[in-house]
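Undergrad: Would you be able to build a 3D model of this:
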Amino acid sequence: MKKIVLPLFFLSAIILCSCHENSAKTAERERSVSVRGSGQVVLEPDSVTIVFSVTSESWDVNTATQDAANRMAAVLKAFSDNGVKENDVSTFDYKIQQQIAYTAEKKRYRNYTVKNKVRVVLNDVTLAGKLIDAAVAAGANELTSLSYNVKDDTEAVKQARMLAVKQAEDTAQMLAGATGAKLGKILTINEYSSGMPYMESASLKVNRMNIAAEPQFEETSLPAGTKIVSVQVDCVYELE
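TA: Next up is the predicted model:
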C-alpha cells in the first residue's frame with residue numbers, strides 16, 4: 001500500500017484557507033446593529049389614595065385612646081358625608097406608645113401617644129381637596145401620604161411597547177441604510193419598563209385664610225398632574 005505524503009507547506013496552506021473561510025463566515029454571521037428605542041404614553045390619574053392620621057396625647061392612656069377614638073369617629077363620619085363608600089376606607093396603622101426620655105440619672109416616662117391611620121381611595125380625583133378639608137375640620141391632624149394613580153394602565157403599556165419597538169426599528173433602518181447594508185431579522189430584544197409611576201405637575205397647595213372682616217377659608221387645591229408610562233427596548237438586528 002502506497003503512503004501519500006503531502007509537503008508541509010501544502011498542509012499549512014489548506015489549514016490557512018480553512019481558517020480564513022471560517023473567519024469570513026463568522027464575520028458575516030456576526031454582522032448586526034444594536035439600537036435602543038423608547039415609548040411614552042401620558043395618562044390622567046383616575047383615582048387618589050390618601051392616608052389620614054389622628055394623633056392624641058395624654059398622661060393617661062385611657063384618655064388618649066378615647067380622644068383618638070372620638071376624633072376618628074368624627075373623621076369617618078366626614079368621609080361618609082362627602083360620599084366616600086365604606087369599602088373605600090381601611091385601617092392603615094394603629095399604635096399606642098408611651099414617650100420615654102432618657103437622662104444621665106434615669107429614664108422618665110411621659111405622655112402616651114395614640115395614633116390611628118386610615119387609608120381612603122377616591123375614584124374622583126377632583127374631590128381630594130374637599131375631603132382633606134372635611135377630615136381636618138373633623139379632627140384629623142396629620143396627612144401621612146397622598147398619591148394619584150391610574151387603576152388600569154394595561155393598554156397604555158402595550159401602546160408604549162409598540163412605540164418603543166417602532167423607534168428602535170426606524171433607527172436600525174437608518175443606520176443600515178447609511179452604511180449600505182440591508183436590515184435583516186431581529187435577533188434579540190430586551191424590555192425595560194418604568195417601575196414606578198412618574199407624576200408630573202402634582203403638587204399640594206393649601207390656601208390660607210383670607211384676612212377680612214369675616215375670616216373665610218378656600219378649598220385646598222390639589223392638581224392631579226399626569227402619569228407617564230414609559231417603556232424602553234434594546235434590540236439587535238441582523239445586517240444583510
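Undergrad: Next secondary structure element downstream of the lowest-mean-pLDDT helix or strand in the chain?
TA: Of all helical and strand segments in the chain, the minimum by mean pLDDT, DSSP states H and E falls on strand 198-200, at a mean of 41. The C-terminal neighbour of strand 198-200 among helices and strands, as given by DSSP states H and E, is strand 226-239.
Undergrad: Mind checking the pLDDT average for that following strand?
TA: Average pLDDT, strand 226-239: 92.
Undergrad: mind listing what it pairs with, with the direction of each?
TA: According to DSSP bridges, strand 226-239 forms sheet pairs with strand 32-43 (antiparallel), strand 183-193 (antiparallel), strand 198-200 (antiparallel).
Undergrad: looking at those strands, which is closest to residue 135?
TA: strand 198-200 (21.8 Å; C-beta to C-beta). Where you see a C-beta, it was placed from the backbone N, CA and C, and this is true even at glycine.
Undergrad: And residue 86, how close does it get to residue 72?
TA: Using C-beta to C-beta, to the nearest Å, one obtains 14 Å as the distance from residue 86 to residue 72.
Undergrad: can you map out the strands along this protein?
TA: In the chain, the segments counted as strands under DSSP state E are 32-43, 47-58, 89-102, 107-122, 142-149, 183-193, 198-200, 226-239.
Undergrad: Quick one: residues in contact with the helix ranked longest in the chain.
TA: The single longest helix within the chain, with elements called by DSSP state H, is helix 154-178. Applying C-beta atoms under 8 Å, 6 or more residues apart in numbering, the contact partners of helix 154-178 are 33, 35-41, 43, 150, 182-183, 189, 191, 193, 229-235, 237, 239.
Undergrad: does residue 128 really touch residue 50, like I thought?
TA: Yes: applying C-beta atoms under 8 Å as the test, residue 128 and residue 50 come out as touching, 6.6 Å apart.
Undergrad: Looking at these two, which one has more neighbours?
TA: Neighbour totals were compared for residue 128 and residue 50, and residue 128 leads with 23 against 20 (other C-beta atoms under 10 Å).
Undergrad: In contact with residue 56, which residues?
TA: 64-65, 67-68, 71, 113-114.
Undergrad: re earlier: which stretch in the strands of the chain is the model least sure about?
TA: Going by mean pLDDT, the lowest-scoring of the strands of the chain is strand 198-200, which has a mean of 41.
Undergrad: ok, of the contacts of helix 154-178, which come out buried?
TA: Neighbour counting over those (16 or more other C-beta atoms under 10 Å) leaves 33, 35, 37, 39-41, 43, 150, 183, 229-233, 235, 237, 239 as the buried ones.
Undergrad: how far does stretch 220-238 sit from the chain's center?
TA: 9 Å (C-alpha atoms, centre = their mean, to the nearest Å).
Undergrad: do the same with stretch 73-83
TA: 30 Å.
Undergrad: Please apply the same query to stretch 59-68.
TA: Worked out by C-alpha atoms, centre = their mean, stretch 59-68 lies 38 Å from the chain centre.
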